[in-house]
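In: model this:
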Amino acid sequence: MMKCSFCGFSFDELAAQKGCNGCPFQGGCRKIKCPNCGFEMPEEAGLVKMLRSWRGKRNGTEHQGS
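Out: Sure thing, here's the model as predicted:
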């Protein structure tokens, strides 16, 4: 799960991909678009995702996708 840094809405990263329909870049810009407010934020780096997942497993709460 991701959280919009503008409106605070929590959403699945795959739901954000739907916001790119009709865009001439079609996902080539590496930005995630909030399906709630339309705010675009940079895609989270793979290393950050891995560390966040590791931290969640270590704390006993597994975070999928965020």
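In: Looking at the chain, which helix is longest?
Out: Longest helix in the chain, counting residues (DSSP state H): helix 46-58.
In: Going by neighbour count, list what's buried in that helix.
Out: Under the neighbour-count criterion of 16 or more other C-beta atoms under 10 Å, helix 46-58 has nothing buried. The C-beta positions use only the backbone N, C-alpha and C, and glycine is treated the same way.
In: That one: how far from the chain's middle?
Out: The chain centre lies 14 Å from the centre of helix 46-58; the measure is C-alpha atoms, centre = their mean, to the nearest Å.
In: Report the rounded mean pLDDT for it.
Out: Mean pLDDT, helix 46-58: 74.
In: likewise stretch 7-23?
Out: Stretch 7-23 shows a mean pLDDT of 78.
In: so where do the strands sit in this protein?
Out: Remark: strands assigned in the chain by DSSP state E are 2-3, 10-11, 31-33, 40-42.
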